[in-house]
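Give me coordinates for this.
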Amino acid sequence: QKLVTGLFDKEQEEWIVVAPKTRISPGEIVPLTAAGIDLLLVASKDGSALHCIANSCPHLGTPLETGTLERRPIESSPSSTDASSMDGNATTTTTTSVPSSSKEPTGEGPGGGVSFFQENDIARMLKQDGCEDCIVCPLHRTAFALESGEVRGEWCPYPPVIGKLTGAIKKQASLAVFDVRTRGKNIEVRLNTPVVIDSDEKKPK
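Residues are numbered from 1 along each chain as shown. Model (predicted):
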């Protein structure tokens, strides 16, 4: 295994185009690869937010592209929420609005530009139901918050009894999340989170 921590040295080179905006619609999960890292673009069902996460469960590396999207109660404390809102890197670029259709994007001004502050304000208003979007691992059904990558609920709750035993193999860990934004007709991602890649996984035997 190898740890990838910084793929780009210059700030202006950190953002890379991963897909056109027309490639994803509300409620969709789109797998893709950028700089050798398997990623998932995940659009919320209501189209209010777009997330980018690692396409690998931190437990056993299970691909998450066949996982399900669920709304689960927010478990983070108010203090952590306030702290994240003050951190410019934590919330200003991790979510962005998704076009309601592939033909006519929403939230764009006359010049085609999008204000991230406006997008995030709208997203927060829509999420005041006390829940947040999560992706559930298809193998042991651990749920991860799409915005923070933190575990929501039990670690490896499935199958009953056996799941908890397999969960003991590796300590609970958060899912890697990446900053994502829209620019023009494209979706861009910033690979700013350390990711462990199994360098032997794709080697021929």
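
what sits up against stretch 150-163?
Stretch 150-163 is contacted by residues 59, 72-73, 75-76, 132, 134, 140-145, 164, 166-167, 172-175 when judged by CB atoms under 8 Å, 6 or more residues apart in numbering. Where C-beta positions appear, they are placed from N, C-alpha and C, glycine not excepted.

which ones among these are found in helices?
Counting by DSSP state H, the contacts of stretch 150-163 place 164, 166-167 in helices.

Neighbour-wise, which one of those residues leads?
Gly167 (19 neighbours; other CB atoms under 10 Å).

Not counting residues beside it along the chain, what's closest to that one?
Residue nearest to Gly167 in three dimensions, not counting chain neighbours: Cys156, with 3.0 Å by CB to CB, 6 or more residues apart in numbering.

swap in Thr68?
In this structure, Thr68 finds its nearest non-sequential neighbour in Val136, 4.9 Å apart by CB to CB, 6+ apart.

Around the one you found, how many other residues sit close by?
Counted with other CB under 10 Å, Val136 comes out at 21.

ok so, going back, columns distance to Ala54 and pLDDT on top of the ones in helices among the contacts of stretch 150-163, output as JSON lines?
Output for these, formatted as JSON lines (distance: CB to CB, whole Å; pLDDT from 0 to 100):
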{"residue": "Lys164", "distance to Ala54": "24", "pLDDT": "89"}
{"residue": "Thr166", "distance to Ala54": "20", "pLDDT": "91"}
{"residue": "Gly167", "distance to Ala54": "19", "pLDDT": "92"}
